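Peer 1: Next input, structure requested:
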Amino acid sequence: MTAYDGWTTVAPSTGAIRGLMVLHVLSTVEDGAGMTTAAMQLATATAARGVCTEVTGPLRRGEKPCGRGSIHGEDLRVSPIMQGGGPAMHLASAVAVCRRVAAFARAAAGCQTPAVVHVHGVWMPVNIAASVASRWQRIAYVVSTHGMLLPEAMAKSRWRKRAVCATVVRRVLERAAAVHVTSEAERAAVVALAPRARTVLIPWGVAVPPRKPSFPMPDRVAGFLGRLLPIKGVDLLIDAWAAARPTGWRLRLVGADTEGHGMVLQHQIDRYGLR
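Peer 2: Next up, the predicted model:
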């Protein structure tokens, strides 16, 4: 058994992935965020196969961390980096991530175990810090862009993102052991920015509930769950639903309306008479 900063790892069971440690670095480990949920599901699945896995990233004070209610066991750990307010919070979080990567590297070297840092996202200082720290510690790192380089995403805060891409992000992508994309469109966006990046196309898995809900459901229900932003394409879903109007089905749109786009969607629903 190997002690790692209060986290104890055990030998994986027969048939598991043996002798591997993975550190997932996120821009936030706040519970409920889409990227956080996807990364947490990946971490849980790999930990279940014996991979010593840690999830870390900033967490604003007062917020709840991801992974609540899940069975972490001895091969999965969530390590929030508490983030205060003020202009220096991103710098402090980046420094804390560098220290976490260094501790992770020391643990891997101590038990002579191959290690990988999996960076989720490209824009935040913690993403860049994790990539740079991995190179300092001579650990391979993988970047999942989570659609952040697609044209629709790049259109928001365009000039700031272009400046960061030109000075930092291209180098981070091209020096990564692999850049994880989930579609050909995402691969094309990565290659356009970083031609020498080694892309790997792997769709995200879907966690299927183990049993049917116990509460009665008189209608069949289709749903969207996520932030109500223009980039999410919910308007296209409403257009399709209005064209199909499937009998016996209801559509539920659930998510945070942080930019007022929900009112636009409500007007669209009213125009189609779908209320």
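Peer 1: Can I get the helix or strand harbouring residue 108 in PDB, CA atoms only?
Peer 2: Element membership for residue 108 (DSSP states H and E) is helix 89-110. Extracted C-alpha coordinates of helix 89-110, given in PDB (Å, rounded to 0.1, in the frame of the first residue of the first chain):
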ATOM      1  CA  MET A  89      -7.800  34.400  -6.900                       C
ATOM      2  CA  HIS A  90      -6.900  32.900 -10.300                       C
ATOM      3  CA  LEU A  91      -3.200  33.300  -9.700                       C
ATOM      4  CA  ALA A  92      -3.500  31.600  -6.300                       C
ATOM      5  CA  SER A  93      -5.400  28.700  -7.800                       C
ATOM      6  CA  ALA A  94      -2.800  28.300 -10.500                       C
ATOM      7  CA  VAL A  95       0.000  28.200  -7.900                       C
ATOM      8  CA  ALA A  96      -2.000  25.600  -5.900                       C
ATOM      9  CA  VAL A  97      -2.500  23.500  -8.900                       C
ATOM     10  CA  CYS A  98       1.300  23.500  -9.600                       C
ATOM     11  CA  ARG A  99       1.900  22.300  -6.100                       C
ATOM     12  CA  ARG A 100      -0.700  19.600  -6.500                       C
ATOM     13  CA  VAL A 101       0.900  18.400  -9.700                       C
ATOM     14  CA  ALA A 102       4.300  18.400  -8.000                       C
ATOM     15  CA  ALA A 103       3.000  16.300  -5.100                       C
ATOM     16  CA  PHE A 104       1.300  13.900  -7.600                       C
ATOM     17  CA  ALA A 105       4.700  13.500  -9.500                       C
ATOM     18  CA  ARG A 106       6.500  12.800  -6.200                       C
ATOM     19  CA  ALA A 107       4.000  10.100  -5.300                       C
ATOM     20  CA  ALA A 108       4.200   8.500  -8.700                       C
ATOM     21  CA  ALA A 109       8.000   8.500  -8.600                       C
ATOM     22  CA  GLY A 110       8.100   7.100  -5.100                       C
END
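Peer 1: With residue 48 as the reference, measure out to the one residue sitting closest to the centre of the chain.
Peer 2: Nearest to the mean C-alpha position of the chain, counting by Cα atoms, centre = their mean, stands residue 35 at 3.0 Å. Look at residue 35 and residue 48: by Cβ to Cβ, to the nearest Å, they are 21 Å apart. (C-beta placed from N, C-alpha, C; glycine too.)
Peer 1: next structured bit after the helix holding residue 108?
Peer 2: Following helix 89-110 in sequence, per DSSP H and E, is strand 115-120.
Peer 1: residues in contact with that next one?
Peer 2: 20-27, 35, 39, 101, 104-105, 108, 127, 130-131, 133-134, 139-144, 146, 176-177 (Cβ atoms under 8 Å, 6 or more residues apart in numbering).
Peer 1: Among the residues you listed, which ones are in helices?
Peer 2: 35, 39, 101, 104, 105, 108, 127, 130, 131, 133, 134 (DSSP state H).
Peer 1: Drop anything exposed from these.
Peer 2: Burial by neighbour count, judged by 16 or more other Cβ atoms under 10 Å, picks out 35, 39, 101, 104, 105, 108, 127, 130, 131, 133, 134 from the ones in helices among the contacts of strand 115-120.
Peer 1: Thought residue 140 was touching the last one, still the case?
Peer 2: Yes - between residue 134 and residue 140 there is a contact at 7.2 Å, judged by Cβ atoms under 8 Å.
Peer 1: which non-adjacent residue is nearest the residue nearest to the centre of the chain?
Peer 2: With sequence-adjacent residues excluded and distances taken as Cβ to Cβ, 6 or more residues apart in numbering, residue 35 is closest to residue 146, at 5.2 Å.
Peer 1: and that neighbour, what is it in contact with?
Peer 2: Counting by Cβ under 8 Å, 6+ apart, residue 146 touches 35, 38, 120, 121.
Peer 1: Need phi/psi at it.
Peer 2: phi 50, psi 40 (degrees, to the nearest 10).
Peer 1: distance of it from residue 111?
Peer 2: Taken as Cβ to Cβ, the span from residue 146 to residue 111 is 31 Å.
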